[in-house]
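**Student:** what's the 3D shape of this:
(one chain, ligands or ions: 1)
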Amino acid sequence: MRSHLLNDTTAEHYRRSVTEGVERVAAKLAATDRPFTGVTADDLAPRIDAIDLDRPLRDTTAALDELEDVYLRDAVYFHHPRYLAHLNCPVVIPAVLGEAVLSAVNSSLDTWDQSAGGTLIERKLIDWTAARIGLGPAADGVFTSGGTQSNLQALLLAREETKTEELTKLRVFTSEVSHFSVQKSAKLLGLGPDAVVVVPVDHDKRMQTVALAHELERCAEAGLIPMAVVATAGTTDFGSIDPLPEIAGLCEQYGAWMHVDAAYGCGLLASRKYRHRIDGIDRADSVTVDYHKSFFQPVSSSAVLVRDAATLRHATYHAEYLNPRRMVTERIPNQVDKSLQTTRRFDALKLWMTLRVMGADGIGALFDEVCDLAAEGWKLLAADPRFDVVVEPSLSTLVFRYIPAAVTDPAEIDRANLYARKALFASGDAVVAGTKVSGRHYLKFTLLNPETTTADITAVLDLIAGHAEQYLGESLDRAC
Ligand SMILES: *Cc1c(COP(=O)(O)O)cnc(C)c1O
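**Tutor:** Sure thing, here's the model as predicted:
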């Protein structure tokens, strides 16, 4: 069994195993002609159930063969140009290389004595990101597992900065289309059930600042405390970007912490063409960035950035065995002092390799391509009488619904769209997402693959229309 430990005597086994795995994945990527096979949980569950974990195969090739059967064959492949569903990106090769290195070396970024250079690399990337945002000389931050954790940590700092124990008096303002992690965080942070004040959005799905001002005023009048405003720079559903400069002004006026959730829109930090769309982000007290969404990084890779490094102390706890207080005066850099996590992956290495091989402009150019593609897609949809399209994209998302001329019952149109999404998924020809707009069912393309073309968009729209028409035809038969 010792031959499976990665060490000085097993280099050849390591090389062979990893190479065999890489060859399989490479072959898979090359052979994938659809993003999905359409497998169902009922199809797959018995195959996985049948495997006896207490009877190992004792052979890498056999284990990979089995993996082919239970996972690789039927996985959902984000690199395929017709995967258009969620905020999943195809990944860049330098990042995948970084992933292979970081898991083999297996540094843990909690303390200097478990990572050494890894700590400094992470810190440099945090500084780089903070500088791109424009947070100023006192900025800092830390890598996290994802936007959810970043938002939670930002709101923890905001809560502590209010210096109040009366948690039920705290209010967090965010738009009606912000991410649910804001609500979740409020709950985890022990705020009251009315803590999150939902602010309406305008026609473009951006927070209405007049309504925000009104809510902040009401909060002040009621003797409550405006703990934070969470602005979204790239909503998950629409890619819409809240008016950051106006929100920053209101936060200053009412003394609220400004958090910008740029989990999606952070890709613009690397864009030469569209960076201006997130102007005002430099005025935030904290920012969430998900490199695993718009920097083409493998999951997980995310960070929370803060304007004032000192605020990170709210997440600091000392343990004698790990990061004793004296290490602070000895200036030993322990990232655990800033993190909600303890043992923590060296995810930063993936972004490091990406920037060292491709550069930020390379990433920005890829993100620009998907933004441009979305703009083209919007024109196609707006000109197509079969579809209703919701907002002109600020990033790379299109929300639309099939609207047959002959059908007037909106509930029937809902069902046709729901059916089309399901049928498309079952066919595996393309994967699209869905959401609700004003109570009605819509479909969604999240475009993050620069390999997707307008021809793909047209083809998928035709497939959707075909499935919806088939549903409506059958439903007519049912009615007769
Ligand atoms: C995806 C997303 C999140 C959550 O990020 P995870 O990395 O999935 O935890 C938060 N906010 C927004 C706007 C998002 O799009």
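**Student:** Please make it C-alpha for all contacts and neighbour counts, starting now.
**Tutor:** Fine.
**Student:** how far does stretch 59-77 stretch from start to finish?
**Tutor:** 26 Å (CA to CA, to the nearest Å).
**Student:** Return the distance of it from the chain's centre.
**Tutor:** Remark: stretch 59-77 is offset 26 Å from the chain centroid, using CA atoms, centre = their mean, to the nearest Å.
**Student:** Can you give me the buried ones in it?
**Tutor:** Leu64, Glu66, Glu68, Val70, Leu72, Asp74, Val76, Tyr77 (16 or more other CA atoms under 10 Å).
**Student:** will you turn those into JSON lines that also has secondary structure and pLDDT?
**Tutor:** Listed next are the buried residues of stretch 59-77 as JSON lines, based on DSSP: H, G, I helix; E, B strand; the rest coil; pLDDT from 0 to 100:
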{"residue": "Leu64", "secondary structure": "helix", "pLDDT": "98"}
{"residue": "Glu66", "secondary structure": "helix", "pLDDT": "98"}
{"residue": "Glu68", "secondary structure": "helix", "pLDDT": "97"}
{"residue": "Val70", "secondary structure": "helix", "pLDDT": "97"}
{"residue": "Leu72", "secondary structure": "helix", "pLDDT": "97"}
{"residue": "Asp74", "secondary structure": "coil", "pLDDT": "97"}
{"residue": "Val76", "secondary structure": "coil", "pLDDT": "98"}
{"residue": "Tyr77", "secondary structure": "coil", "pLDDT": "98"}
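**Student:** of those, list those near the ligand.
**Tutor:** Among the buried residues of stretch 59-77, no residue sits close to the ligand (CA under 6 Å from any ligand atom).
**Student:** Just the CA trace of stretch 91-110, in CSV.
**Tutor:** Taking C-alpha atoms only, stretch 91-110 is exported to CSV below (Å, rounded to 0.1, in the frame of the first residue of the first chain):
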residue,chain,number,x,y,z
VAL,A,91,-11.2,26.4,-17.7
VAL,A,92,-7.8,27.6,-19.0
ILE,A,93,-5.0,25.1,-19.2
PRO,A,94,-2.5,27.1,-17.1
ALA,A,95,-5.0,26.9,-14.2
VAL,A,96,-5.5,23.2,-14.6
LEU,A,97,-1.7,22.8,-14.5
GLY,A,98,-1.8,24.9,-11.3
GLU,A,99,-4.5,22.6,-9.9
ALA,A,100,-2.3,19.5,-10.5
VAL,A,101,0.7,21.1,-8.8
LEU,A,102,-1.2,22.4,-5.8
SER,A,103,-2.9,19.1,-5.0
ALA,A,104,0.3,17.2,-5.4
VAL,A,105,2.3,19.5,-3.2
ASN,A,106,-0.8,19.9,-1.0
SER,A,107,0.2,23.1,0.8
SER,A,108,-2.3,24.4,3.3
LEU,A,109,-2.6,28.2,3.3
ASP,A,110,-3.6,28.6,6.9
